[in-house]
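Trainee: Sequence and predicted structure below; questions after.
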Amino acid sequence: MAQLKVGAAAPDFELPTGDGGTLSLKSLKGKKVVLYFYPKDNTSGCTKEACSFRDEIRKFEKKNALIIGVSIDSVESHRKFADKFDLPFPLVSDAKKELVKKYGVWKEKSMYGRKYMGIERTTFVIDEKGKISHIFPKVKVDGHSDEILALI
């Protein structure tokens, strides 16, 4: 499993999005990218995180930054989630778990004593040249979008 560091080249990807298209990181060179990995569409923490990015989208745009959400949910699940909460940014479907493994966010988790594999909520900020400028592991949702805005 990857252990990415600040300053490293961000692993590229080309994956389907909830709006029916595909998205690749290399196509976004020249812009800052906030790539946030979240566990599951339509769950309380993930909804709160997505809506906080939605509510601050104009501030991110003013800083030439794009928001991209990633989970292992299906394209159809992403479409419904984005429509339900009017999300103005792409949600990438990593159903084969390739991207979550490249970025090192597919980890063993534990709930009520039961161990399972899942996405550890993590955000990567990628600069205009495709390098990782910041990594936020084990994200706490409250105030996270403001924390990123203050850095970029």
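Mentor: That came in fine, so what should we check first?
Trainee: Helices along the protein, start to end?
Mentor: Listed in chain order, the helices of the chain (DSSP state H) span residues 44-55, 57-62, 75-85, 98-102, 144-151.
Trainee: Return the most buried member of those.
Mentor: Ranked by mean neighbour count, those are led by helix 98-102 with a mean of 18 (mean count of other CB atoms under 10 Å). Just so you know, the C-beta spots here come from the backbone N, C-alpha and C atoms, and that holds for glycine as well.
Trainee: Can you redo the helices of the chain as JSON lines, where the extra columns are distance to Gly7 and mean pLDDT?
Mentor: Output for these, formatted as JSON lines (distance: least, CB to CB, whole Å; pLDDT from 0 to 100):
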{"stretch": "helix 44-55", "distance to Gly7": "25", "mean pLDDT": "94"}
{"stretch": "helix 57-62", "distance to Gly7": "22", "mean pLDDT": "96"}
{"stretch": "helix 75-85", "distance to Gly7": "30", "mean pLDDT": "95"}
{"stretch": "helix 98-102", "distance to Gly7": "17", "mean pLDDT": "94"}
{"stretch": "helix 144-151", "distance to Gly7": "15", "mean pLDDT": "90"}
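Trainee: Could you verify my assumption that Ile132 touches Val125?
Mentor: Yes: look at Ile132 against Val125 with CB atoms under 8 Å: they come within range, at 7.3 Å.
Trainee: From Lys140, how far out is the closest residue to Ser110 other than its chain neighbours?
Mentor: Leaving aside its sequence neighbours, Ser110 sits nearest to Tyr116 (CB to CB, 6 or more residues apart in numbering; 7.7 Å). Taking CB to CB, to the nearest Å as the measure, Tyr116 falls 21 Å from Lys140.
Trainee: For these two, indicate the residue with more neighbours.
Mentor: Each of Tyr116 and Lys140 has its neighbours counted (other CB atoms under 10 Å); Lys140 has more, 11 against 8.
Trainee: That one and Lys48: what is the separation?
Mentor: 11 Å.
Trainee: just to revisit the earlier point, nearest to Leu15, of the helices of the chain?
Mentor: In terms of CB to CB, the element of the helices of the chain nearest to Leu15 is helix 98-102, at 6.4 Å.
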